[in-house]
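Q: with the sequence up front, the predicted model follows.
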Amino acid sequence: MEFSVMTMSMSGRPEGRLRIVLLTLRIAALLVAVALPIALTSFWLFVDPSGVSALVPLPGKPQILLGNFERIAGLSLSMLPVGILIFGLIRLRAYLAALLQGAIFSGATSRALKDFALAVGASVLARPIISAVLSVVLTWSAPPGQQTLSFSLSLDTVLLLIFAATIGLAAWTMQLATAIAEENSRFV
């Protein structure tokens, strides 16, 4: 069995496979940040009422009228958690760029990772709230008795919150390590 080592150059910059992984993640974060608003806008422009249940869980089969108001409100509300996530992806790109430059333990690097974790966490927390508001907006014009307020949490939400908290903890640890390294460098 052969093990390959991901190496750093003498300048501290990653080489080989590690560099390829970092560059690939950086490109993927950019592509997702660009694709999310395009996909969401396309969804709200072209979705038919039956397709809304893919985004907003509505119990039963309430009558959904998708006029211009509902589409604009749906897009606007849906864009809130997506906008937060896009900010996180931009900060992830900053984190990956810092790693590519060899700045593994720096204040800017750990702040970028912390911002990514906070953005993912905030986006995940916002989704069920936005979904509940969307359920009201989308059924507002429905006949009496079919108007709905639907709130749901899923295992995915919980797992993504745990993921964001873990990344945030790693960023916090990096900040502590950076502070310790800076303090130790003053004594040398």
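A: Cool, the structure landed.

Q: what is the least confident helix or strand in the chain?
A: Sorting the helices and strands of the chain by mean pLDDT, DSSP states H and E puts helix 155-187 at the bottom, at a mean of 90.

Q: now residue 179: how far from residue 42?
A: Here residue 179 is placed at a distance of 45 Å from residue 42 (C-beta to C-beta, to the nearest Å). Any C-beta I mention is one placed from the backbone N, CA and C, and that applies to glycine too.

Q: so those two - more neighbours on which side?
A: residue 179 (13 against 10; other C-beta atoms under 10 Å).

Q: any idea how far the more buried one is from residue 186?
A: Distance check for residue 179 against residue 186: by C-beta to C-beta, it reads 11 Å.

Q: residue 120 now?
A: Applying C-beta to C-beta, the value for residue 120 to residue 186 is 35 Å.

Q: touching stretch 93-104 from outside, list them.
A: Here stretch 93-104 makes contact (C-beta atoms under 8 Å, 6 or more residues apart in numbering) with 8-9, 11-14, 19, 22-23, 25-26, 29-30, 33, 106, 108-109, 112-113, 116.

Q: so what's the nearest residue to residue 75 once chain neighbours are set aside up against?
A: Leaving aside its sequence neighbours, residue 75 sits nearest to residue 44 (C-beta to C-beta, 6 or more residues apart in numbering; 4.0 Å). Applying C-beta under 8 Å, 6+ apart to residue 44 gives the contacts 71-72, 74-75, 78.

Q: what about the helices in this structure?
A: Remark: helices assigned in the chain by DSSP state H are 16-46, 68-100, 107-139, 155-187.

Q: quick one: which of these is nearest residue 56?
A: Between residue 56 and those, the tightest spacing by C-beta to C-beta is seen for helix 107-139, at 4.6 Å.

Q: report all helices and strands that that closest one contacts.
A: Applying 3 or more C-beta pairs under 8 Å, 6 or more residues apart in numbering; DSSP states H and E, one finds that helix 107-139 contacts helix 68-100, helix 155-187.
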